[in-house]
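Asker: kindly generate the corresponding structure for this input.
(4 chains)
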4 protein chains.
Amino acid sequence: MSDTFQPTYGLVPPEVAATLSGVEFMQGLLAGTYPAPPFAETTGLWPVSVEAGKIVFEAMPSKRFYNPMGAVHGGWISLLIDTVMGCAVHSSLKAGQAYTTIEMKTTFVRPVFESTGKLRCEGLLLHSGSRTASSEGKIFDGNGRLVAHGSETCLIMDVQKKTAA
Amino acid sequence: MSDTFQPTYGLVPPEVAATLSGVEFMQGLLAGTYPAPPFAETTGLWPVSVEAGKIVFEAMPSKRFYNPMGAVHGGWISLLIDTVMGCAVHSSLKAGQAYTTIEMKTTFVRPVFESTGKLRCEGLLLHSGSRTASSEGKIFDGNGRLVAHGSETCLIMDVQKKTAA
Amino acid sequence: MSDTFQPTYGLVPPEVAATLSGVEFMQGLLAGTYPAPPFAETTGLWPVSVEAGKIVFEAMPSKRFYNPMGAVHGGWISLLIDTVMGCAVHSSLKAGQAYTTIEMKTTFVRPVFESTGKLRCEGLLLHSGSRTASSEGKIFDGNGRLVAHGSETCLIMDVQKKTAA
Amino acid sequence: MSDTFQPTYGLVPPEVAATLSGVEFMQGLLAGTYPAPPFAETTGLWPVSVEAGKIVFEAMPSKRFYNPMGAVHGGWISLLIDTVMGCAVHSSLKAGQAYTTIEMKTTFVRPVFESTGKLRCEGLLLHSGSRTASSEGKIFDGNGRLVAHGSETCLIMDVQKKTAA
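Answerer: Below is the predicted model:
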């Protein structure tokens, strides 16, 4: 976990979240005004930068995520890149809008070990429409080398109408 | 966690793994002969069936994986489906072969909550070539409804030549 | 082109299409009641079977689609598999509904040449929701060997509300 | 078709292609030194810029590619983006290397009509390894608005060893 970011974990009440734009919500997470979501504790991710449509998280690879081959499970990489791609969409929403992820793809270009050290993961909004939005993600190691890249599509909803896709 | 499957966690020594076919390796994990990989403890997945090219895992959704919207993070779903898709490829390998996942896609068709209960995740080998293999995955809830589906591609290597893609 | 299927090419007037369910529309294309879409002439595809949620097309690989390496361009394979995956969704719609494809993925597992001969391409609906639907596709050669597989997601709309995603 | 680019169509003999780096090969196509591949004639694409790892094509949407809904078939968009993503990988290869595309994904963000006019499609190499390479593609309309984006993975081979994946 980051030295400087010491969140509490929990959920923001939906009636509070509904009054916030996406970037207000996410900047509140970053500032510690709102509790960090539970998955962030389990998986070791934390945000370092939030703008509308552009998100950066960091994450620390750990032996806790090793697969039988002795490397970090690609599923953890996918979880990390899904996080920033979803947050890039979230950060572009107006108050009263919500999103759900329809699909995601991850391409793995370098193996990750605990010794790889802290990863930087960037999510970037590519398209924002009235009903769908799409984003891309890129993960870099400490030397700036690309570790993984991905894309995803989200469905945009008015909170009042939020139901299963 | 399953009532009947109580694994220890750790890594199988590479020199042992290299003598086993993929299906022998995975059936040894299922039988508890070999330790389960560390990620399985962190993420709450366990295998229930292993055949060459066909794998079933179960997993229990938990609030530990909740996103800020109060549902299970899609990244955890991706980790689960990546696991069975990778294992479906692994289970088709001969002794002395290894694999690395090149890319994966997940499509999310229903939201998952802790109340959804135990998920069943099936991985199926679709193609096995000398240099690449591909597989598909499907996740079902307890009522047999599709929750997510996916596909992935792996690179097949002789263990002696195993290096980064 | 098929010996038995000799379509005319053109577009069905939207006001006619709006009165038909997806499977009625597609069976009308198959029967020649409605003109085949223009792309079908350009790319050499034709339907052979239409049920709600399950579609089969055939297509003949041609040197017209060769890439610089002297094999059929993967893009033509993608066009073929997108066709059946989209039609599988289309065939599940009610009168007054329309769809637009949000994203697609193709995995190529065998190269295709003119000498490969006629391909069989199957599209299968996997999920049908109120706002999105997803499907998978598989292409086989004349010996029943898998040539490519894919998946796609579509947005479902009422015709009256049809706009850009 | 472009006013200035009037290619002949055909295949470059493999023994000639094997002596050229990817960027030499592709710049020869652009210059008209080598014949354009057959698919380019059928589908209306032409290259406008070739650097190692960065490719631009243009293409003209046509009613010849219309689907039954009266818009350009997404499969044609996929063919276009696959072309530039594959060429971005090709342009990074050394003499004696070849590639084959393993998989591709396209995300469609705006519908395309004949009236949309000329499209610009950019392919960019993201990763180049000894056995795989990956790239991304983006398509823009004449107003610089994003129409589609995608990614793909290719297998890299020595020409002598070129076989099916």
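Asker: average pLDDT for stretch A:56-71?
Answerer: The average pLDDT within stretch A:56-71 is 94.
Asker: ok, and for that stretch, which residues are buried?
Answerer: For stretch A:56-71, burial by neighbour count (16 or more other C-beta atoms under 10 Å in any protein chain shown) applies to A:56-59, A:61-62, A:64-71. Using the backbone N, CA and C atoms, a C-beta is placed for each residue, glycine as well.
Asker: any idea how far A:His90 is from chain C?
Answerer: A:His90 sits 18 Å away from chain C, going by C-beta to the nearest C-beta, to the nearest Å.
Asker: and the residue nearest to A:Gly22 when sequence neighbours are not counted, what is it in contact with?
Answerer: Nearest residue to A:Gly22, sequence neighbours excluded (C-beta to C-beta, 6 or more residues apart in numbering or on different chains): A:Leu93, at 3.7 Å. Each residue near A:Leu93 by C-beta atoms under 8 Å, 6 or more residues apart in numbering or on different chains is listed here: A:Ser21, A:Gly22, A:Tyr99, A:Ile156.
Asker: buried subset of those?
Answerer: By 16+ other C-beta under 10 Å, those give A:Ser21, A:Gly22, A:Tyr99, A:Ile156 as buried.
Asker: give me the subset of these lying in helices.
Answerer: If you go by DSSP state H, the buried ones among the contacts of A:Leu93 have A:Gly22 in helices.
Asker: how about the strands in chain A?
Answerer: Ranges of strands in chain A, per DSSP state E, are A:45-51, A:54-59, A:97-108, A:119-128, A:132-140, A:146-158.
Asker: still on that earlier bit, between the contacts of A:Leu93, which is nearest B:Thr42?
Answerer: A:Tyr99 (26.7 Å; C-beta to C-beta).
Asker: the lengthiest helix in chain A vs chain B: in contact?
Answerer: Secondary structure assigned by DSSP H gives helix A:74-90 as the longest helix of chain A. Yes. With C-beta under 8 Å from any C-beta of the partner chain as the measure, helix A:74-90 is seen reaching chain B through A:Gly74, A:Gly75, A:Trp76, A:Ser78, A:Leu79, A:Leu80, A:Asp82, A:Thr83, A:Gly86.
Asker: and chain A, which of its residues are near chain D?
Answerer: Near chain D, when you scan chain A using C-beta under 8 Å from any C-beta, you find A:105, A:107, A:109, A:126-127, A:129, A:132, A:134, A:136, A:146, A:149-151, A:153.
Asker: with neighbour count and pLDDT added, can I get these in TSV?
Answerer: As requested, these are exported to TSV (neighbours: other C-beta atoms under 10 Å in any protein chain shown; pLDDT from 0 to 100):
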residue	neighbour count	pLDDT
A:Lys105	31	98
A:Thr107	29	98
A:Val109	22	97
A:Leu126	20	98
A:His127	21	98
A:Gly129	14	95
A:Thr132	26	98
A:Ser134	27	98
A:Glu136	23	98
A:Leu146	15	98
A:His149	24	98
A:Gly150	29	98
A:Ser151	26	98
A:Thr153	27	98
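Asker: could you dump those into a markdown table and include distance to C:Glu51?
Answerer: Below are the residues of chain A next to chain D laid out as a markdown table (distance: C-beta to C-beta, whole Å):
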| residue | distance to C:Glu51 |
| --- | --- |
| A:Lys105 | 29 |
| A:Thr107 | 35 |
| A:Val109 | 41 |
| A:Leu126 | 36 |
| A:His127 | 34 |
| A:Gly129 | 32 |
| A:Thr132 | 28 |
| A:Ser134 | 32 |
| A:Glu136 | 37 |
| A:Leu146 | 44 |
| A:His149 | 38 |
| A:Gly150 | 35 |
| A:Ser151 | 32 |
| A:Thr153 | 28 |
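Asker: farthest pair within these?
Answerer: A:Val109 and A:Gly129 (29.4 Å).
Asker: and A:Tyr9, bridged to which residues?
Answerer: Counting by DSSP bridges, A:Tyr9 is bridged to A:Ala36.
Asker: what distance do you get for it to chain C?
Answerer: Counting by C-beta to the nearest C-beta - A:Tyr9 and chain C are separated by 31 Å.
Asker: ok, that residue touching A:Thr42?
Answerer: No. In this structure A:Tyr9 lies outside contact range of A:Thr42 using C-beta atoms under 8 Å: 9.1 Å.
Asker: so between these two, which is more surrounded?
Answerer: With neighbours defined as other C-beta atoms under 10 Å in any protein chain shown, A:Tyr9 and A:Thr42 compare such that A:Thr42 has more, 21 against 14.
Asker: ok, for the more buried one, nearest residue in space, not its chain neighbours?
Answerer: Closest to A:Thr42 by C-beta to C-beta, 6+ apart is B:Arg64, at 4.8 Å.
Asker: likewise A:Ala59?
Answerer: Closest residue to A:Ala59 in three dimensions, ignoring its sequence neighbours and counting by C-beta to C-beta, 6+ apart: A:Leu45, at 4.5 Å.
Asker: most centrally placed residue in chain A?
Answerer: Nearest to the mean C-alpha position of chain A, counting by C-alpha atoms, centre = their mean, stands A:Thr83 at 2.1 Å.
Asker: okay but it is in contact with A:Cys121, surely?
Answerer: Yes. Using C-beta under 8 Å, A:Thr83 is in contact with A:Cys121, at 7.4 Å.
Asker: what do those two both touch?
Answerer: Joint contacts of A:Thr83 and A:Cys121 (C-beta under 8 Å, 6+ apart) are A:Leu45, A:Phe57.
Asker: buried set for stretch A:34-51?
Answerer: Buried residues in stretch A:34-51, counted by 16+ other C-beta under 10 Å: A:34-47, A:50.
Asker: now the two most distant members of those residues.
Answerer: A:Thr42 and A:Val50 (21.0 Å).
Asker: dihedrals phi and psi, A:Gly117?
Answerer: Backbone torsions of A:Gly117, given as degrees, to the nearest 10, read phi 80, psi -170.
Asker: got the contact list for it?
Answerer: A:Gly117 neighbours (C-beta under 8 Å, 6+ apart): A:Met60, A:Pro61, A:Asp141, A:Gly142.
Asker: for chain B, state which of the buried ones among the contacts of A:Leu93 is nearest.
Answerer: Chain B lies nearest to A:Tyr99 out of those, by C-beta to the nearest C-beta, at 8.4 Å.
Asker: is it true that that closest one touches A:Ala133?
Answerer: Yes. At 6.9 Å, A:Tyr99 counts as touching A:Ala133 under the criterion of C-beta under 8 Å.
Asker: circling back to that earlier point, just among the residues of helix A:74-90 next to chain B, which is most surrounded?
Answerer: Ranking those using other C-beta under 10 Å puts A:Ser78 first, with 32 neighbours.
Asker: check the offset of stretch A:143-153 from the chain's centre.
Answerer: 13 Å (C-alpha atoms, centre = their mean, to the nearest Å).
Asker: could I have the CA atoms of that stretch written out in PDB?
Answerer: C-alpha atoms of stretch A:143-153 as PDB (Å, rounded to 0.1, in the frame of the first residue of the first chain):
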ATOM      1  CA  ASN A 143      11.100   1.400 -15.900                       C
ATOM      2  CA  GLY A 144       8.200   2.700 -18.000                       C
ATOM      3  CA  ARG A 145       8.000  -0.600 -19.900                       C
ATOM      4  CA  LEU A 146       4.500  -1.700 -21.000                       C
ATOM      5  CA  VAL A 147       3.200  -4.700 -19.100                       C
ATOM      6  CA  ALA A 148      -0.300  -4.900 -20.300                       C
ATOM      7  CA  HIS A 149      -2.900  -3.000 -22.300                       C
ATOM      8  CA  GLY A 150      -6.700  -3.200 -22.700                       C
ATOM      9  CA  SER A 151     -10.000  -1.700 -23.600                       C
ATOM     10  CA  GLU A 152     -13.500  -1.900 -22.300                       C
ATOM     11  CA  THR A 153     -17.100  -0.800 -23.000                       C
END
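Asker: got the phi and psi for the residue nearest to A:Gly22?
Answerer: Dihedral angles (degrees, to the nearest 10) for A:Leu93: phi -90, psi 150.
Asker: any stretches of chain A with poor pLDDT?
Answerer: Filtered on pLDDT under 70, chain A yields the residue ranges A:1-6, A:160-165.
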